[in-house]
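Visitor: Any chance you could fold what I've pasted below:
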Amino acid sequence: MLLLSTQSLSGYGLHKIFSLAKEAGYDGLDLSVDFDAFDTINASYIDSLIQSSGVNVISLTAPERKLTKKHFDQILTLASDLGIGIVNVHPPHRLEKERDWFGEYLKV
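Guide: A predicted model of the protein is given here:
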């Protein structure tokens with residue numbers, strides 16, 4: 001399976017990225033979540049792009065830095081709302097102020 005990361009085309013809107021992924025024949029997208037870009041966290045908008053383009057979002061990638069428990073919970077909700085089973089996440093940097101929550105998600 002060949003995925004296009006939306007991060008690789010940062011600066012373009014999601015509509016254009018979905019269009020380019022379809023034209024290029026990718027199997028789907030890895031959507032990089034950016035809490036400063038509303039279109040990457042709006043499930044209704046993303047679903048409309050999936051439906052209109054026929055390109056599925058296969059995975060979500062959380063921001064690499066400054067990820068809070070609240071933001072991570074929002075990403076998990078987004079994944080659930082869109083039926084996405086893969087969420088890529090980087091562990092918090094050792095200097096991050098809010099990092100202790102991460103261990104909660106490692107417990108099985």
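Visitor: Geometric centre of the protein: which residue is closest?
Guide: What sits nearest the mean C-alpha location of the chain, by Cα atoms, centre = their mean, is Leu60, with 3.0 Å.
Visitor: The strand or helix carrying that one - contacts with which helices or strands?
Guide: Element membership of Leu60, judged by DSSP states H and E, is strand 57-61. When contacts are defined as 3 or more Cβ pairs under 8 Å, 6 or more residues apart in numbering; DSSP states H and E, strand 57-61 sits against strand 3-5, strand 28-32, helix 69-82, strand 86-88. Heads up, the C-betas are built off the backbone N, CA and C, glycines and all.
Visitor: 6 Å - rerun?
Guide: Contacts defined by 3 or more Cβ pairs under 6 Å, 6 or more residues apart in numbering; DSSP states H and E place strand 57-61 against strand 28-32, strand 86-88.
Visitor: okay, the angle between that strand and strand 28-32?
Guide: Put simply, strand 57-61 runs at 20 degrees to strand 28-32, going by axes from the mean of the first three to the mean of the last three Cα atoms, to 10 degrees.
Visitor: send the alpha carbons of strand 57-61 over as PDB?
Guide: Presented in PDB, the C-alpha positions along strand 57-61 are these (Å, rounded to 0.1, in the frame of the first residue of the first chain):
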ATOM      1  CA  VAL A  57      -7.400   8.400   4.800                       C
ATOM      2  CA  ILE A  58      -5.600   5.300   6.100                       C
ATOM      3  CA  SER A  59      -3.700   6.800   9.000                       C
ATOM      4  CA  LEU A  60      -3.400   9.900  11.100                       C
ATOM      5  CA  THR A  61      -0.100  11.300  12.400                       C
END
